[in-house]
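Trainee: Sequence plus the predicted model coming up.
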Amino acid sequence: MILDRNKYYKEYYHKNKKRVLSYIKKYQTSEKGSKKMKEYQRKYSLIPKNIERAYKNNKLWNQKNKEKRVKISKRWRENNPEKYYAHKLMNKKGIKIPKNEKCNKCKINLAKIRHHPDYSKPLKVKFLCKKCHFKEMKKYKAHYY
């Protein structure tokens, strides 16, 4: 019974692809749909397997689209000079996350990200895990992933 239903939906999708995609787009852009999509994407992006997959896909995209990547990076540097300076200074000073360093916030997971709470003090950073960094960025309503 289930196989027949799946087969039916696949056939229906292929016959009415434009109609189905327009319905999906309308739902995703509606208030209810966009909330559900954001919630799903947050949960999905925190799963380790998906983090690895996203990392690999980003790496492949960057290799294939070097010119676009350069333009995007240049635009980001122009729009965020304070952030760019802080990141550049951190790399120049060689401030790295110590090996086996625990997250400054939860003290459970290993720290993976250097977080600048205040870009006017570029050398003052917190070492955070991915989940805590996500929560920290959410406080500032910053776009994250």
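Mentor: Thanks, I have the structure now. Numbers count the residues shown, from 1 in each chain.
Trainee: List the contacts of N62.
Mentor: Each residue near N62 by CB atoms under 8 Å, 6 or more residues apart in numbering is listed here: R69. Bear in mind the C-beta positions are built from the backbone N, C-alpha and C, glycine included.
Trainee: Against Y23, how distant is it?
Mentor: Plainly put, N62 is 34 Å away from Y23 if you go by CB to CB, to the nearest Å.
Trainee: What of R53?
Mentor: If you measure R53 against Y23 using CB to CB, the figure is 27 Å.
Trainee: ditto for K49
Mentor: In this structure, K49 and Y23 are separated by 30 Å, where distance is defined by CB to CB.
Trainee: now swap in M90 and tell me
Mentor: 47 Å.
Trainee: Which residue of the two possesses the greater neighbour count?
Mentor: Taking M90 and Y23 together and counting by other CB atoms under 10 Å, M90 has the greater number of neighbours (16 against 11).
Trainee: ok but F127 is inside a strand, no?
Mentor: Yes: secondary structure assignment places F127 in a strand (DSSP: H, G, I helix; E, B strand; the rest coil).
Trainee: I'd say it and I113 touch.
Mentor: Yes: in this structure F127 lies within contact range of I113 using CB atoms under 8 Å: 7.5 Å.
Trainee: Among those two, which residue is more densely surrounded?
Mentor: When F127 and I113 are compared on other CB under 10 Å, the one with more neighbours turns out to be F127, at 21 against 17.
Trainee: Which residue comes closest to the more buried one once chain neighbours are left out?
Mentor: The spatial neighbour of F127 that comes closest, neighbours along the chain excluded (CB to CB, 6 or more residues apart in numbering), is A111 at 3.6 Å.
Trainee: coming back round to it: overlap in contacts of F127 and I113?
Mentor: Counting by CB under 8 Å, 6+ apart, the shared contacts of F127 and I113 are I97.
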